[in-house]
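Colleague: next comes the sequence, and after it the predicted model I'd like to discuss.
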Amino acid sequence: SPTIFYMLRALQHFLADNKFNNIDSIGNNIEKYFNGKPKEMYSDGINSFTKTLGRSCETRG
């Protein structure tokens, strides 16, 4: 879905600027990334997804 693509692409950019020594460091940074995002990002993303899904269903495509 476009919403997941958007979120994961932004996470990829966030992680690309870092070097990690171990798996825990990666997990901690991913947690830091998502905790630093405003709650509206998630609700806006879900609303965007449902609108896109609705349009897709309406056009059967």
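Modeller: Arrived safely, thanks for sending.

Colleague: show me which positions of whichever helix or strand Asn47 is part of end up buried.
Modeller: For Asn47, the element it lies in under DSSP states H and E is helix 39-58. Of all the residues in helix 39-58, those buried under the rule 16 or more other CB atoms under 10 Å are Gly45. In short, each C-beta sits where N, CA and C put it, glycine included.

Colleague: and it, what other elements does it pack with?
Modeller: Contacts defined by 3 or more CB pairs under 8 Å, 6 or more residues apart in numbering; DSSP states H and E place helix 39-58 against helix 2-16.

Colleague: quick check: buried residues in whatever helix or strand comes next after the helix it packs on?
Modeller: Sequence order places helix 23-35 as the next helix or strand after helix 2-16, per DSSP H and E. For helix 23-35, a neighbour-count test (16+ other CB under 10 Å) marks nothing as buried.

Colleague: and the angle for helix 23-35 with helix 39-58?
Modeller: Here helix 23-35 points in a direction 80 degrees away from that of helix 39-58 (axes from the mean of the first three to the mean of the last three CA atoms, to 10 degrees).

Colleague: how far does helix 23-35 sit from its chain's centre?
Modeller: 14 Å (CA atoms, centre = their mean, to the nearest Å).

Colleague: now it: average pLDDT?
Modeller: Mean pLDDT, computed over helix 23-35, is 92.

Colleague: how about that helix as PDB, C-alpha atoms only?
Modeller: Extracted C-alpha coordinates of helix 23-35, given in PDB (Å, rounded to 0.1, in the frame of the first residue of the first chain):
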ATOM      1  CA  ILE A  23      21.200  -5.800  16.100                       C
ATOM      2  CA  ASP A  24      20.100  -4.100  19.300                       C
ATOM      3  CA  SER A  25      21.300  -0.800  18.000                       C
ATOM      4  CA  ILE A  26      19.200  -1.200  14.900                       C
ATOM      5  CA  GLY A  27      16.100  -2.000  17.000                       C
ATOM      6  CA  ASN A  28      16.700   0.900  19.300                       C
ATOM      7  CA  ASN A  29      16.900   3.300  16.400                       C
ATOM      8  CA  ILE A  30      13.800   1.900  14.700                       C
ATOM      9  CA  GLU A  31      11.900   2.400  18.000                       C
ATOM     10  CA  LYS A  32      13.300   5.900  18.400                       C
ATOM     11  CA  TYR A  33      12.100   6.700  14.800                       C
ATOM     12  CA  PHE A  34       8.500   5.600  15.300                       C
ATOM     13  CA  ASN A  35       8.300   7.100  18.800                       C
END
